[in-house]
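Participant: Make a model of this:
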Amino acid sequence: MCLPVRMLRLGQQGAPPPGAAGYAAAMPAPVVSHLMESLAREGLPVAEWAERSGIHRDVRSTDLQLAFPQVVSFLRAAVRASPERPLGLEAGARPLLQSFGMLGVAVQTADDVEGAVAVGLQHHRAAGSLVDFAVDADGDAVRLTVVPRTDDVEILPFLCEETLLSVTTLLRSALGDEHWAPSTVAVPYPAPPYADEYAARFGCPVRFDAPAGAMTVPRDLMRTPLPRREPAVHAAALAACREIGGAAGAGDLDHVWAVEQLVRADLHRPVTMAGVARQLNTGERTLRRHLAEAGESFRSIHARVRRERAEHLLRATDLPLRAVAEAVGFADARDFRRAFLQWTGRTPGDVRADPGPRGGAIPAAEGDLRSHRAEPTPPHVRSVPMTGNGTGETTTGAGRLDLAAAPSSPDRDWEIDPAAYWATIDAATHGLDAPILAADLTALRYNVADMLRRAAGKPIRVASKSIRSRPVLDALLRVPGYAGVLAYDVAEAHWLAADGVDHTGAARPGCTDVVVAYPSADLGAIAALAADPAASMRVTLMIDDAEQLDIIDAAVPPSRRPELRVCIDVDASYHAPAVGAIGARRSPVRTRAEASVLAATVAGRKGFRLVGVMTYDAQIAGVGDLSIRRPGAGALLRTMQRASWDELVARRREILTDLRRIADLEFVNGGGTGSLERNAEDPNVTDIAAGSGLYGPHLFDGYSHFRPAPAMGFGLAVVRRPDEQTVTCHGGGWIASGAAGSDRLPLPVWPEGLKLTGREGAGEVQTPVTGERAGRISLGDRVWFRHTKAGEPAEHADDLVIVSDGAVHATVPTYRGEGKCFL
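Facilitator: Numbering: from 1, shown residues only. Next comes the predicted model:
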């Protein structure tokens, strides 16, 4: 008899079968639950381990799903606390239903051992398996090989013990023979102090220091019928396993598993997302989407695999540091040392000298998942104390961004000495490669406080389009006075609202109030949101037409989804006599009658609830009165804006009076960075949208009533010198969206006295700048620019480098850095 083709394929390729759940986003927690209960009875500090691992819920909860890094962190603590105890063997000997749940029922009721093994391979992760498997035929034997999902050498014995004994226990139960034993068992580590336990538990020869963890069984065993086979029960149990696996996002998690294996295989060489996508026969954008839906990004996977391999090599070998660095893809040992310190809070030398305590406590730097970061640390990095995260938790560690601590009267270096201000940013980031996106922390905090002042106590809803960095968004939402997010895409809103992990692997509660500012026809994104009950309660979709309700119903019918929250976008443009509409062309809903008809339509349709109204006054918020450089233009613009505002306030009041008779509105959103003051004065507006004012792009230099600090800039490397008054930068085509014009171009700000050329402007791959000071710029130096808009530069950079007091304070990923591309 031959093994099924799918089993041989698994052994040859090392890939999970279709439908297997995956690695990192979420998994059941029976092993952690068992350890917590058993070790707590012995007085060990399991609650402390759980807290440091980011586990904040009762692990006995039937719906608990843990991220794999949380499981690893907890297991590491348990193993360190009991180094001479066979914890893995104890866990592997648990009662069948406690260990396997519905998977155990499906295995026991299969027709024969071959069917039972196939079920186990396909659905093992639905039972909370901590490893993957490869199966192959070896002569008259079948070998099951353990494929760990981590290189963490500390917990490898536990993983092998628990896995191999669990499989043995399951087969004994399925066969109805409690004395059945595999032919051989092998493990890839030296014999532990309790080695005699292995023979007693497995009942067969055990080989230590083997190449891999594995067990073999006679090939003829595959034909053995099972005494408890029951087709009806088997089918029901399989359906339950599929449902559990589907709830965990199995398909997307398969991509996580596959990416990890490919990254591990080529870790010593540069590994790119594009290259991995090619090996998986898929597109880069498709792969990015699958990883995102599993709560991951290529960047976070790459960093995690690097860290785990590095820790393994440092603890288990005597390789010189340069060799360890090369093994995990670093050409320079200094870069590796910086990255390792950022990942773990310890230097490679610290780990080699003291691989870890043997007591019950986990050092915060290594055990606290919230201190891990997913990217190398730039030079001059300084520790940043972490504070409360706005969810009732208090965390400690390094690298958290705090935007609340604005000085009462900061030194406005950007105004006093702009050249010195930008020169300081350049010097602080000198060791980093260009192009580089950077922001000054003092300027950021100044802008945060200034927007709060202008809002006069009214909550500011953060416009994510103008931020495009999840850590920055989270930092803003921790500041009192900032509440809620105005997102620009349904998939983005779902990502922000979902509970999960951040770029460091730490637990991240989702944003509880996210409004999508634009209607959507993305059926996949709408369906994904509707399939997530928790996130769909936090996200409000935008509509301005009843047909948009039809689109949502086409994605998921009302009978198959929870009630979805919707907001009506009311046109806020100004219709001036003889001029026509002035402002953004957004909504067709303008009058009381139009708004009431749409609101009544929503109220009468199953599956929708009207909760809010939005009015964006683009002609006021987005146009500076100093931006039009023609005689009298500023005064004319201000006159138009006053008239527009008076008309909008009156019309909005009338519309809201009618709509409140139809629906219980939770919010009325209005405004933007340029109209904070006006909207703060309108009692009908409950929150004001703003975001651009944080970074202070040069578009906002054109307002007379406020002036944000130029907090963000991007630096380009000088690579050519065409003549004495011209240097050419590499890249630079960071041109803003909107009507084409010179105001869409980036503005050179340092060194001073430079300007773009009229013929070339900002080029995609090269940008010449001219000026008398160009002759003093050396090749390799940088020129700094300000962008016209706030969030768009983040589409060109993986990271935003935060500078403070002449040093790099923190490095946080942009949306792009977390593998996100929503438009």
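Participant: Ala67 against Asp499, yeah?
Facilitator: No - the pair formed by Ala67 and Asp499 falls short of the contact definition of C-beta atoms under 8 Å, at 10.3 Å. Any C-beta I mention is one placed from the backbone N, CA and C, and that applies to glycine too.
Participant: Which of the two has more residues huddled nearby?
Facilitator: In terms of neighbours (other C-beta atoms under 10 Å), Ala67 is the more surrounded of Ala67 and Asp499; the figures are 24 against 15.
Participant: can you pull the contacts of Val147?
Facilitator: With contacts taken as C-beta atoms under 8 Å, 6 or more residues apart in numbering, Val147 has the following neighbours: 14, 131-134.
Participant: Hmm, I typed the wrong one, I wanted Gly732.
Facilitator: 435, 716, 746, 762-764, 766-767, 785.
Participant: so where's the longest helix in this protein?
Facilitator: helix 633-662 (DSSP state H).
Participant: hmm, back to that, output the contacts of Val147 as JSON lines; include the columns secondary structure.
Facilitator: Rendered in JSON lines, the data for these read as follows (DSSP: H, G, I helix; E, B strand; the rest coil):
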{"residue": "Gly14", "secondary structure": "coil"}
{"residue": "Val131", "secondary structure": "strand"}
{"residue": "Asp132", "secondary structure": "strand"}
{"residue": "Phe133", "secondary structure": "strand"}
{"residue": "Ala134", "secondary structure": "strand"}
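Participant: low-confidence ranges in the stretch 551-700 of the chain?
Facilitator: Counting by pLDDT under 70, the stretch 551-700 of the chain has low-confidence residues at 577-580, 622, 624-634.
Participant: what about the helices in the stretch 51-200 of the chain?
Facilitator: For the stretch 51-200 of the chain, the helices defined by DSSP state H, counting those that start in this stretch cover 68-81, 87-92, 96-100, 102-108, 113-123, 156-175, 196-202.
Participant: quick revisit: can you flag the buried ones in the contacts of Gly732?
Facilitator: 435, 716, 746, 762-763, 766-767, 785 (16 or more other C-beta atoms under 10 Å).
Participant: Out of these, the closest to Ala237 would be?
Facilitator: Using C-beta to C-beta, the shortest approach to Ala237 within the buried ones among the contacts of Gly732 belongs to Pro435, at 54.9 Å.
Participant: returning to what we had before: and of the contacts of Val147, the nearest to Arg201?
Facilitator: The shortest approach to Arg201 among the contacts of Val147 belongs to Val131, at 17.8 Å (C-beta to C-beta).
Participant: show me the contacts for that closest one.
Facilitator: 146-149, 159, 163.
Participant: Report the separation between it and Val263.
Facilitator: As for Val131, its distance to Val263 is 17 Å (criterion: C-beta to C-beta, to the nearest Å).
Participant: For the stretch 201-350 of the chain, give me the ranges with low pLDDT.
Facilitator: Within the stretch 201-350 of the chain, the segments meeting pLDDT under 70 span 243-254, 257, 281.
Participant: how about the helices of it, start to end?
Facilitator: 231-247, 250-265, 273-279, 284-293, 298-316, 321-327, 333-344, 348-353.
Participant: Tell me which of those sits nearest to Ala807.
Facilitator: Each of the helices of the stretch 201-350 of the chain was checked against Ala807 via C-beta to C-beta, and the shortest separation belongs to helix 333-344, namely 13.8 Å.
Participant: Out of the contacts of Val147, which two sit at the greatest distance?
Facilitator: Distances among those were taken as C-beta to C-beta; the most separated pair is Gly14 and Val131, at 12.2 Å.
Participant: which residues does Tyr574 contact?
Facilitator: 581-583, 619, 640, 643-644, 647-648.
Participant: no no, Trp495
Facilitator: Residues counted as contacts of Trp495 (C-beta under 8 Å, 6+ apart) are 292, 820.
Participant: switch the cut-off to 10 Å
Facilitator: When the contact criterion is C-beta atoms under 10 Å, 6 or more residues apart in numbering, the partners of Trp495 are 292-293, 295, 470, 487, 489, 510-511, 514, 525, 528-529, 535, 815, 818, 820, 822.
Participant: sec struct for the residue nearest to Ile655 when sequence neighbours are not counted, please.
Facilitator: Closest residue in space to Ile655, ignoring its immediate chain neighbours: Ala595 at 4.6 Å, by C-beta to C-beta, 6 or more residues apart in numbering. The assignment at Ala595 comes out as helix when based on three-state DSSP.
Participant: neighbours around Ala595, how many?
Facilitator: Residues contacting Ala595 under the criterion other C-beta under 10 Å number 25.
Participant: measure it to Thr601 for me?
Facilitator: Here the distance between Ala595 and Thr601 works out to 11 Å (C-beta to C-beta).
Participant: Overlap of the contact sets of these two?
Facilitator: Taking C-beta under 10 Å, 6+ apart as the contact criterion, the common neighbours of Ala595 and Thr601 are Ile662.
Participant: Run through who's touching stretch 733-745.
Facilitator: Surrounding stretch 733-745, the residues in contact under the criterion C-beta under 10 Å, 6+ apart are 435, 437, 622, 627, 697-699, 702, 714, 716, 732, 746, 756, 758, 761-767, 785, 787-790, 792-793, 795-797, 823.
Participant: at 7 Å what do you get?
Facilitator: Where contact means C-beta atoms under 7 Å, 6 or more residues apart in numbering, the residues beyond stretch 733-745 that reach it are 714, 746, 756, 761-764, 787-789, 792-793, 796.
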